[in-house]
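Undergrad: my questions concern the predicted model and sequence given below.
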Amino acid sequence: METIITVENGNTLAALQDFLKQLLEHGIVDALITPLRTPSGTVTPALVTNTDLLNAADPLAPVLPGNCATLAGKLSAREPRARIGAVMRSCEIRALVGLVKMQQASLDSITLIAVDCAGTYHVPVFQRMAQKGDALWQELYKNAVGQPGQPDEALRAACKICEQPVYENAAIKIKCLGSNLDSEIHLQLPDELAAQLGLSQSAENGRQTIVENLVAARTAARDSAFAEIRTRLEGEEGIEGVFAACIRCHNCMTVCPICYCKVCVFKSPVFDHEPMQFVEWAKQKGALRLPSDTTLFHLTRLNHMGLSCVGCGMCTEACPAELPVGMVFRAIGQRLQATFEYAPGRNKEEQLPLITFKADEWTEVGE
């Protein structure tokens, strides 16, 4: 059912907070994962059971300190488990769906609450801007509607090229794009849930055209960015050059919502080479780049992640060398996903290609 919640006195956040409180008060969920403002002004994901604490909830804060798919997975992978309402952006939900396919999460006890996303800022940038009292999310949503081809230059690189700002397969959709957020927020939710909350049906808000325009603009930006990174990867620089400044800190792997292996070969003794082995390699080449095995690390992750990367950009955010990790993974992943006609996180019923055998696929290989 399409419905609205009324915003009083222009206080959009209060209206959203009240809606989330109702989910707890009516026993629809036992707890909510939602971005929460801390006393210091930062925004962090939190698991909330006390409705009073939802007065600090800020689902519209344009910042992504971490992809919450990992947290949702930890809360749902094993039994017994509570009924969780998860307020998430599209990239987070798609990552969670990917984890479900790899049996690292379950949607059986999770109510997905998808928030239309106009983009997010790098954490330090967000905190500096928020301290100035800037109306961050208001301007972002207005720009997404009025000037979709001119994104805020301060947005994260991943957000500027994100062609999936909404997620349509969630139980509850908070349709910010197209809503006049100063007066009302459009929602879509199951009829029985709307009746339980006392919400009545309303007309749609023209969101589809707005989303289509935003997607078109971001797709164009994506294609341009991919062409640029592919020129580097396929030219003289190559993947070794692109990742030349890598210090193999494993930050990109640690923050990746899909990289879930409990035992990782790169955190094992396999790469604890004997001292003389390094010297022998140096003699063979004349010089040995240190730390070693950095290219192998990224190629291995690409092999694991190419079909699962949802483009959340957490890897790029975490890189101390500011390497375009996410851009490389997305550009390479796009071609791989197209080969299998597969989109990560699109549908939980869609099996991962690498664990699904089809006798008629890749028939052109060897011809």
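TA: It's in.
Undergrad: every contact and neighbour count from this point should use C-alpha atoms.
TA: Will do.
Undergrad: tell me the residue in the chain that is farthest from the middle.
TA: Lys283 (44.1 Å; C-alpha atoms, centre = their mean).
Undergrad: can you tell me the SS state at that one?
TA: Following DSSP: H, G, I helix; E, B strand; the rest coil, Lys283 is assigned to helix.
Undergrad: go on, Lys74?
TA: Lys74 - assigned by three-state DSSP - is helix.
Undergrad: so how far is Glu168 from the residue lying closest to it once chain neighbours are set aside?
TA: Nearest non-adjacent residue to Lys74, counting by C-alpha to C-alpha, 6 or more residues apart in numbering: Ala105, 7.0 Å away. Per C-alpha to C-alpha, to the nearest Å, Ala105 is found 20 Å from Glu168.
Undergrad: of those two, which one has the most company?
TA: Neighbour comparison, Ala105 and Glu168: the larger count goes to Ala105, with 23 against 14 (by other C-alpha atoms under 10 Å).
Undergrad: that one: what secondary structure?
TA: coil.
Undergrad: so what pLDDT did it get?
TA: Listed pLDDT for Ala105 reads 95.
Undergrad: surely it meets Glu79?
TA: No: contact status for Ala105 versus Glu79: not in contact, 10.8 Å apart, counting by C-alpha atoms under 8 Å.
Undergrad: and the residue nearest the centre of the chain?
TA: Central residue of the chain (C-alpha atoms, centre = their mean): Cys91, at 2.9 Å.
Undergrad: and the helix or strand hosting Glu139, which residues are buried?
TA: Taking DSSP states H and E as the criterion, Glu139 maps to helix 136-146. In terms of neighbour count (16 or more other C-alpha atoms under 10 Å), helix 136-146 has its buried residues at 136-138, 140-145.
Undergrad: if we can go back for a sec, let me know the pLDDT of the residue farthest from the centre of the chain.
TA: Note on Lys283: pLDDT of 94.
Undergrad: check Arg218 too.
TA: pLDDT recorded at Arg218 is 94.
Undergrad: and the host helix or strand of it, how far out from the chain's middle?
TA: For Arg218, the host element (DSSP H and E) is helix 207-234. Distance of helix 207-234 from its chain centroid, counting by C-alpha atoms, centre = their mean, to the nearest Å, is 16 Å.
Undergrad: after it, next one along is what?
TA: Downstream of helix 207-234, the first helix or strand assigned by DSSP H and E is helix 238-242.
Undergrad: what are the buried residues along that following helix?
TA: 239-240, 242.
Undergrad: let me know the closest of those to Pro291.
TA: When the buried residues of helix 238-242 are ranked by distance to Pro291 (C-alpha to C-alpha), Glu240 comes first, at 13.0 Å.
Undergrad: which non-adjacent residue is nearest that closest one?
TA: Nearest residue to Glu240 in three dimensions, chain neighbours excluded: Thr295, at 6.0 Å (C-alpha to C-alpha, 6+ apart).
Undergrad: tell me which element the one you found is part of?
TA: In this assignment (DSSP H and E), Thr295 forms part of helix 294-305.
Undergrad: show me how far the helix or strand just after that helix is from its chain's centre.
TA: Using DSSP H and E, the helix or strand that follows helix 294-305 towards the C-terminus is helix 314-318. In terms of C-alpha atoms, centre = their mean, the centre of helix 314-318 is found 11 Å from the chain centre.
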